[in-house]
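> Build me a model:
(chains A and B)
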Amino acid sequence: MTLTQSRILEIQQTAHQVREDVVRMVHAAACGHPGGPLGMADFLSTLFLEHFNLTPENRHAPDRDRFILGNGHTCAGYYALLARKGLIPQEELMSFRKFGSRLQGHPHRNLDMGIDFSTGSLGNSLSVAVGMALGARLAGYENRVYSISSDGESQEGQIWEAATSASHYRLGNLTVIVDFNNIQIDGEMRKVMDVRDLRAKYEAFGWHAMDVDGHDVLAVHDALEAAQAVTDRPSALIAHTTIGKGVSFMEGKASWHGVAPNDEQAAQALEELAQSAP
Amino acid sequence: MSTTQTLAPLATGEARKMATREAYGAALLELGAQRKDVVVLDADLSGSTKTKAFSQAHPDRFFNLGVAEANMIGTAAGLATTGLTVFASSFAMFAAGKPWEQIRQSVCVPELNVKICATHAGLTVGEDGKSHQMLEDVALMRVLPHMRVIVPADGVEAAQAVHAVAAADGPFYVRLSRASTPILFSEDYRFEIGKGAVLREGTDLCLVACGVTVAAALEAADLLAQQGTNARVINLATIDPIDTELLVQSARQCGAVLTVEEHQIRGGLGDAVAHVLVHHHPVPMDMLGMDDEFGQSGGADELLAHYGLDASSIARRAQELLRR
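Have a look, this model is predicted:
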């Protein structure tokens, strides 16, 4: 079912709040990765509000949907969304990356907080998602597994081992969303190690695959619905995004992959976000 | 002191032989029938790792991941998050060596219920040579938090260990062999995770072995007895968590310890025992195993003899240790 204009606005507002949270969290931590989560805020908000069925009530239910953040370094936005879903107290977000915090620098499995798996090492998560999907099918559950990956992570060979096995086992309950922003730590992905056309690659591996504008809430929603309709093979959505989206001096910049804004930059970022609030 | 375990009557007639991987396959089949939550993964080696019988009996609970061991370990972890008890098998080189980082990140960090049962470990792979002779797996696995490491000495112990790890929650590494080796234990032998077993009493020195070297250690104790030296023999099937109490008692009572393993002495059983004794009761100690080198092609027995892991080499090294 398509989204109403008011629902699209709600999702955009959530994405906006997530972006503000990300800037505050990474600034307070004085380290971390602001660029990725700013770029992913629109498609992740669409997924979390409209599709991923996690709630505080079902967080331990065996047939809940599963979510695994392959690019674990982008977890500031993930934590912010878990807070919006009521799984993490909003005030806890500011403990991000600090000693003793549950909000580790990269996610650690904690079902109380709704975190299904520990990630951080690139390449490992799609295999885990394959296992989650196989286990769900074996149990006869109707749930879905959402696995987040990225263009940089697609350089890891294990991703393609997992992609091979997911289509071999016809895992129609598995959807991967690839954050494709053409940026990795050392610079432009196309210059560092070009992964080329990921839609064509996933298709060649036997997946249902499509490109989507990762900032267009309705397009992402429609693509997720289309993926749910494909039940005989896994689905890959290649979400084209801009790293640092919403903060002009971070947009498209590899230098903002893993650097925290200073006081002045954080203030400027929050001011820009306030001005562009939906 | 724990009671001395009963040994099978090796001396009378032909000793019965069985590879620990065979016992693993048979135990998996029993588990599959007993428990619906047991699933098995393999990476294109089910005929050799002996998971094939399970795959035929329970095709819905068997997943062949092809020649892709990193993905197999990640898939095992994902399956474990859904409440299943997951066994994953390949040759030790490809089950512990190739996917070590996946084992660390996806199995041990989240502490999941995955049992890595690795066959074809050690020198006794034989003719396949150094590319397949995994001599570093115990080191790689015992260094990982939450990972427990078991090296069964014979088919009886291997079968019991498989049932024991299935009954315990969390990650395990079980090291199994390709070669047929003597059945050492009678059916009333009781394996317990974390407990060493005294197979022969003695107070002149203590031989500590695991896996295929336990049989040679027992033979070496016979040779030593003929020379008037009474060696205690311990089967230390669980290397992690290690049986500190038994090792410290034995060091106190015997005064010298010689470890024997089909593995690099750096990082393996010898290191694990030394770590306990240096903290609690240092005694003269020596270690037999691979001394910082790789193996080569050959028959299992001739390789064990060449690298000093046969009975006469063990006895000789024991006497050298006592002369120190």
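> Not counting sequence-adjacent ones, nearest residue to A:Gly86?
A:Pro56 (4.8 Å; CB to CB, 6 or more residues apart in numbering or on different chains). The way it works is simple: take the backbone N, C-alpha and C, and place the C-beta from them, glycine included.
> Give me the secondary structure label for that neighbour.
At A:Pro56 the chain is in coil, as set by DSSP: H, G, I helix; E, B strand; the rest coil.
> thinking it is in contact with A:Leu87, fair?
Yes - taking contacts as CB atoms under 8 Å, A:Pro56 lies within contact range of A:Leu87: 6.0 Å.
> Which neighbours do the two have in common?
Listed as contacting both A:Pro56 and A:Leu87 by CB atoms under 8 Å, 6 or more residues apart in numbering or on different chains are A:Gly114.
> ok, the two, which is more surrounded?
The neighbour comparison of A:Pro56 against A:Leu87 (other CB atoms under 10 Å in any protein chain shown) goes to A:Leu87, with 19 against 12.
> show me what contacts the more buried one?
By CB under 8 Å, 6+ apart, the contact set of A:Leu87 is A:54, A:56, A:59, A:113-114.
> Can you show me the helices along chain A?
With DSSP state H as the criterion, chain A has helices at A:5-29, A:35-50, A:75-84, A:125-139, A:157-168, A:189-193, A:198-204, A:217-229, A:263-275.
> how far out from the middle of the chain is the fourth one?
Here helix A:125-139 is found 18 Å from its chain centre; the criterion is CA atoms, centre = their mean, to the nearest Å.
> Show me what that helix is packed against.
strand A:66-69, strand A:145-150, helix A:157-168, strand A:174-180, helix B:69-81 (3 or more CB pairs under 8 Å, 6 or more residues apart in numbering or on different chains; DSSP states H and E).
> Does the longest one reach chain A?
Yes - Helix B:69-81 comes into contact with chain A (CB under 8 Å from any CB of the partner chain), by way of B:70-81.
> so can I have TSV of the helices and strands packed on helix A:125-139 showing mean neighbour count, mean pLDDT and distance to B:Glu22?
Output for the helices and strands packed on helix A:125-139, formatted as TSV (neighbours: other CB atoms under 10 Å in any protein chain shown; pLDDT from 0 to 100; distance: least, CB to CB, whole Å):
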stretch	mean neighbour count	mean pLDDT	distance to B:Glu22
strand A:66-69	26	98	37
strand A:145-150	28	98	36
helix A:157-168	23	98	28
strand A:174-180	28	98	36
helix B:69-81	31	98	22
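> would you list these in CSV and tack on distance to B:Gly126?
Listed next are those as CSV, based on distance: least, CB to CB, whole Å:
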stretch, distance to B:Gly126
strand A:66-69, 41
strand A:145-150, 41
helix A:157-168, 29
strand A:174-180, 41
helix B:69-81, 22
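> which one of these lies closest to A:Gln5?
A:Gln5 sits nearest to strand A:174-180 of all these, at 23.6 Å, using CB to CB.
> Next to chain A, which bits of chain B? Give me the list.
Contact residues (CB under 8 Å from any CB) of chain B with chain A: B:39, B:60-61, B:63, B:65-66, B:68, B:70-84, B:86, B:101-102, B:105-106, B:109-110.
> In a markdown table, list the helices of chain A along with distance to B:Val143.
A markdown table is the format used below for the helices of chain A (distance: least, CB to CB, whole Å):
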| stretch | distance to B:Val143 |
| --- | --- |
| helix A:5-29 | 30 |
| helix A:35-50 | 32 |
| helix A:75-84 | 27 |
| helix A:125-139 | 22 |
| helix A:157-168 | 22 |
| helix A:189-193 | 31 |
| helix A:198-204 | 36 |
| helix A:217-229 | 41 |
| helix A:263-275 | 41 |
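> Quick check, central residue of chain B?
For chain B, the residue nearest the mean C-alpha position is B:Val151 (1.4 Å; CA atoms, centre = their mean).
> okay, now the nearest residue to B:Val165 once chain neighbours are set aside: neighbour count?
Sequence neighbours aside, B:Phe172 is the residue nearest to B:Val165 in space, at 4.2 Å (criterion: CB to CB, 6+ apart). As a burial measure, B:Phe172 scores 27 neighbours (other CB under 10 Å).
> any idea how far A:Pro261 is from B:Phe172?
45 Å (CB to CB, to the nearest Å).
> Contact residues of the stretch 51-200 of chain A facing chain B?
Checking the stretch 51-200 of chain A against chain B by CB under 8 Å from any CB, the hits are A:62, A:66, A:108-109, A:116-121, A:123-136, A:138-139, A:157-158, A:161-162, A:164-165, A:168-169.
> and if we set it to 6 Å?
A:109, A:118, A:121, A:124, A:127-128, A:130-132, A:134-135, A:158, A:161-162, A:165 (CB under 6 Å from any CB of the partner chain).
> quick one: low-confidence parts of the stretch 101-250 of chain B?
Counting by pLDDT under 70, the stretch 101-250 of chain B contains no low-confidence range.
> one more time with 90
B:187 (pLDDT under 90).
> Spell out, range by range, the helices that occur in it.
Secondary structure of the stretch 101-250 of chain B (DSSP state H, counting those that start in this stretch): helices located at B:137-142, B:155-167, B:213-226, B:244-254.
> hey, which of those is tucked in deepest?
helix B:137-142 (a mean of 24; mean count of other CB atoms under 10 Å in any protein chain shown).
> Report the distance from that helix to the chain centre.
From the chain centre to the centre of helix B:137-142 is a distance of 11 Å (CA atoms, centre = their mean).
> Please apply the same query to stretch B:264-271.
On CA atoms, centre = their mean, the centre of stretch B:264-271 falls 13 Å from that of its chain.
> Also stretch A:230-239?
Taking CA atoms, centre = their mean, one finds the center of stretch A:230-239 at 16 Å from the center of the full chain.
> could you give the mean pLDDT of it?
If you average the pLDDT over stretch A:230-239, you get 98.
> Kindly report the same for stretch A:42-51.
pLDDT averaged over stretch A:42-51 gives 98.
> send the alpha carbons of it over as PDB?
Taking only C-alpha atoms (Å, rounded to 0.1, in the frame of the first residue of the first chain), the coordinates of stretch A:42-51 have been written out as PDB:
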ATOM      1  CA  ASP A  42      15.800   8.600   5.100                       C
ATOM      2  CA  PHE A  43      15.800   4.900   4.000                       C
ATOM      3  CA  LEU A  44      16.400   3.600   7.600                       C
ATOM      4  CA  SER A  45      13.500   5.800   8.900                       C
ATOM      5  CA  THR A  46      11.200   4.400   6.200                       C
ATOM      6  CA  LEU A  47      12.300   0.900   7.100                       C
ATOM      7  CA  PHE A  48      11.900   1.300  10.900                       C
ATOM      8  CA  LEU A  49       8.600   3.200  10.900                       C
ATOM      9  CA  GLU A  50       6.800   1.400   8.100                       C
ATOM     10  CA  HIS A  51       8.200  -2.100   7.800                       C
END
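> what comes into contact with it?
Residues outside stretch A:42-51 that contact it (CB atoms under 6 Å, 6 or more residues apart in numbering or on different chains) are A:11, A:14-15, A:77, A:81, A:214-215, A:217, A:220-221, A:224, A:239.
> With that, I have no additional questions.
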